[in-house]
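Novice: Show me the folded form of this:
(4 chains)
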Number of protein chains: 2
Amino acid sequence: METTRQAARQRSAAEGRRRELLEAADRVVLRDGPGASMNAIAAEAGITKPILYRHFGDKGGLYRALAKRHTDALLSALRAALDAPADRRARVESTLDTYLAAIEARPQVYRFLMHPSDDAAPSPEQGFDVGRHSAPLLRRLGEELATVIAERVDLGPDSEAMARIWGHGIVGMMHAAGDWWLGERPCSREQLVRSLADLLWGRLAEAGDRADGPGF
Amino acid sequence: METTRQAARQRSAAEGRRRELLEAADRVVLRDGPGASMNAIAAEAGITKPILYRHFGDKGGLYRALAKRHTDALLSALRAALDAPADRRARVESTLDTYLAAIEARPQVYRFLMHPSDDAAPSPEQGFDVGRHSAPLLRRLGEELATVIAERVDLGPDSEAMARIWGHGIVGMMHAAGDWWLGERPCSREQLVRSLADLLWGRLAEAGDRADGPGF
DNA sequence: AGACTGTTGTTACCGCAAGTAACGAAGCGT
DNA sequence: ACGCTTCGTTACTTGCGGTAACAACAGTCT
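Specialist: Down below sits the predicted model:
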């Protein structure tokens, strides 16, 4: 029978094929945006639709695979910044800058990752499963940051819960500010990084009321 | 001819109709999620598709109109919390709590607002228009908060730019934390509010390193 | 060699949703 | 009674996700 070697060869071949397909899909998504059709992707890969479906199940599968690639890449870059041997403020600034540089360099990729097409399961699920789809990247980043915070920062009791809240909150802050900044480019990256770090460093609490503000 | 009175009556009638249609659409979207079809919405309103298209142009138009309603409602609630005559920390906490209570009470609405179906204009626009569609609510919230910060908090020079950065950043923090919290319910709303406010109050800067953290 | 099996690929189709004519039937001013 | 606009319909086109059903090739067992 000789199944094992055979199977191994075929599996590795299949994986190589999968990578080719993913790279083709990548090109198309980068060119046409997240609305790229399966037909277009198949054409770019030089094949036809059913093959894509054999490899990835459905469109969500393909997009998940694609997202995982980019998410992994971005995450490893961020981990490097997070784990650097520097003081906390420097690490925060460098992580923010790494993220912003990444989305600045490849906005199409970023857009695809952040706004994946919603499958919108029409099943009559009663409970609220809000955000199950939507943005797995943000969730992963949030959890990642939460563990880093939990293992590095002393937050007293309830450290676990607090770290997760902060992880997701900080990631959301970075994401929203980055999204807005990328759209309007109202300032330099350096200024954005410094302002966000200042925010996290408590300047909101320290700042005084405006003298000419609404008097009360 | 008697155009003016006639025109006025018809316009107001059209607006009333529009409101009915929007309410029907609301019911359907709340029931079926953001993937609701135009046919379903029309059926709920007791009419057929083309009328919807006459009123709203395309699906994006309907969804935009729907989103505007809810966004306006949420925004006015938040404005009340932001403008309350209390000290800054209390205002921040009450605003966070208002937002979280809103998304907790009507997760389907929230989900629709945050993850609207992407139109994905296939036009070959060169530049990156990331985030133009996607989440107008977040942008509006960010700008709103930015103006409140700018007119109330003294941030020294560059106050304008900094306030906008903080506005979008804080809104993003609130949003991401809320999204995650709504999905996993890892803690009470009160704890979430307090932890986020603590984060904004500089506890990240104040906290010490963990004694048992990775030694470096 | 020749039948057997599995992978790779195709064409042709189904279902469904967005969006669009083209046409019918009211109200209302002249 | 005749137009004119508005509200409404049915019936269609287009395009996409997804799926049979079938064709061809490689290696495998007897």
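Novice: wait, isn't residue A:26 in contact with residue A:66?
Specialist: Yes. Between residue A:26 and residue A:66 there is a contact at 6.4 Å, judged by CB atoms under 8 Å. All C-beta spots, glycine's among them, are computed from the backbone N, C-alpha and C.
Novice: Those two: which has the busier surroundings?
Specialist: residue A:66 (22 against 18; other CB atoms under 10 Å in any protein chain shown).
Novice: can you give me the mean pLDDT across the strand or helix carrying the more buried one?
Specialist: Residue A:66 belongs to helix A:59-82 when assigned by DSSP states H and E. Across helix A:59-82, pLDDT averages out at 92.
Novice: Quick one: neighbours of residue A:17, just the number.
Specialist: Neighbour tally, residue A:17, other CB under 10 Å: 14.
Novice: Not counting sequence-adjacent ones, nearest residue to it?
Specialist: Of all residues not flanking residue A:17 in the chain, residue A:55 sits nearest, at 7.2 Å (CB to CB, 6 or more residues apart in numbering or on different chains).
Novice: how about that neighbour, what does it touch?
Specialist: A:14, A:17, A:18, A:21, A:62 (CB atoms under 8 Å, 6 or more residues apart in numbering or on different chains).
Novice: Among those residues, find the lowest-pLDDT one for me.
Specialist: The minimum pLDDT among those falls on residue A:14, with 72.
Novice: Pull up the gap between it and residue A:42, please.
Specialist: Distance of residue A:14 to residue A:42, computed by CB to CB, to the nearest Å: 17 Å.
Novice: Equivalent analysis for residue A:165, please.
Specialist: Distance from residue A:165 to residue A:42, by CB to CB: 43 Å.
Novice: With neighbour numbers in mind, choose between the two.
Specialist: residue A:165 (28 against 20).
Novice: does any part of the helix or strand containing the more buried one sit near chain B?
Specialist: For residue A:165, the enclosing helix or strand under DSSP H and E is helix A:159-184. Yes. Judged by CB under 8 Å from any CB of the partner chain, helix A:159-184 comes into contact with chain B at A:161-162, A:164-166, A:168-177, A:179-183.
Novice: go on, stretch A:39-54?
Specialist: No. Stretch A:39-54 lies out of reach of chain B by CB under 8 Å from any CB, never closer than 10.1 Å.
Novice: How about residue A:142: what's its closest non-neighbour residue?
Specialist: residue A:168 (3.6 Å).
Novice: Need the pLDDT of that neighbour.
Specialist: 98.
Novice: Equivalent analysis for the one 3 residues further on, please.
Specialist: Looking at residue A:171, its pLDDT stands at 97.
Novice: Could you do the one 10 residues further on as well?
Specialist: At residue A:181 the predicted local distance difference test score is 97.
Novice: That one reaches residue A:188, doesn't it?
Specialist: No. Applying CB under 8 Å, one finds residue A:181 not in contact with residue A:188, separated by 9.7 Å.
Novice: When those two are compared, which one has more neighbours?
Specialist: When residue A:181 and residue A:188 are compared for neighbours, residue A:181 comes out ahead with 24 against 11, by other CB under 10 Å.
Novice: Torsion angles phi and psi at residue A:153?
Specialist: Main-chain torsions, residue A:153, degrees, to the nearest 10: phi -110, psi 140.
Novice: what's the spacing between the closest residue in space to residue A:30 that isn't next to it in sequence and DNA strand C?
Specialist: Nearest residue to residue A:30 in three dimensions, chain neighbours excluded: residue A:108, at 4.8 Å (CB to CB, 6+ apart). From residue A:108 over to DNA strand C the distance is 22 Å, taken as CB to the nearest atom of the strand, to the nearest Å.
Novice: export the helix or strand hosting residue A:108 as PDB, just CAs?
Specialist: Assessed by DSSP H and E, residue A:108 sits inside helix A:107-114. Output in PDB follows, covering the C-alpha atoms of helix A:107-114 (Å, rounded to 0.1, in the frame of the first residue of the first chain):
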ATOM      1  CA  PRO A 107      -3.700  50.100   4.100                       C
ATOM      2  CA  GLN A 108      -5.500  47.700   1.800                       C
ATOM      3  CA  VAL A 109      -4.400  44.800   3.900                       C
ATOM      4  CA  TYR A 110      -5.400  46.600   7.000                       C
ATOM      5  CA  ARG A 111      -8.800  47.400   5.500                       C
ATOM      6  CA  PHE A 112      -9.300  43.800   4.600                       C
ATOM      7  CA  LEU A 113      -8.400  42.600   8.100                       C
ATOM      8  CA  MET A 114     -10.500  45.000   9.900                       C
END
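Novice: Can you name every helix or strand that it contacts?
Specialist: Contact analysis of helix A:107-114 by 3 or more CB pairs under 8 Å, 6 or more residues apart in numbering or on different chains; DSSP states H and E lists helix A:3-32, helix A:59-82, helix A:136-152, helix A:159-184 as its packing neighbours.
Novice: how about those in TSV, adding distance to DNA strand D?
Specialist: Converted to TSV, those look like this (distance: least, CB to the nearest atom of the strand, whole Å):
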stretch	distance to DNA strand D
helix A:3-32	6
helix A:59-82	3
helix A:136-152	17
helix A:159-184	24
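Novice: So which of these is the most surrounded?
Specialist: Ranked by mean neighbour count under mean count of other CB atoms under 10 Å in any protein chain shown, the helices and strands packed on helix A:107-114 are led by helix A:159-184, which reaches a mean of 24.
Novice: What is the subsequent helix or strand relative to that helix?
Specialist: helix A:189-200.
Novice: Report all helices and strands that that next one contacts.
Specialist: helix A:88-105, helix A:159-184, helix B:159-184.
Novice: mind running it again at 10 Å?
Specialist: Using 3 or more CB pairs under 10 Å, 6 or more residues apart in numbering or on different chains; DSSP states H and E, the elements in contact with helix A:189-200 are helix A:88-105, helix A:159-184, helix A:203-206, helix B:159-184, helix B:189-200, helix B:203-206.
Novice: Of all those helices, which one comes closest to residue B:87?
Specialist: Among the helices and strands packed on helix A:189-200, helix A:203-206 comes nearest to residue B:87, with 10.9 Å by CB to CB.
Novice: one step back: could you give the separation of the helix holding residue A:108 from the chain centroid?
Specialist: Offset of helix A:107-114 from its chain centre (CA atoms, centre = their mean, to the nearest Å): 9 Å.
Novice: returning to what we had before: how far out from the middle of the chain is the helix holding residue A:165?
Specialist: 11 Å.
Novice: Run the angle between it and helix A:59-82 for me.
Specialist: 100 degrees (axes from the mean of the first three to the mean of the last three CA atoms, to 10 degrees).
Novice: which strands and helices sit next to helix A:159-184?
Specialist: Helix A:159-184 is packed against helix A:88-105, helix A:107-114, helix A:136-152, helix A:189-200, helix B:136-152, helix B:159-184, helix B:189-200, helix B:203-206, with contacts defined by 3+ CB pairs under 10 Å, 6+ apart.
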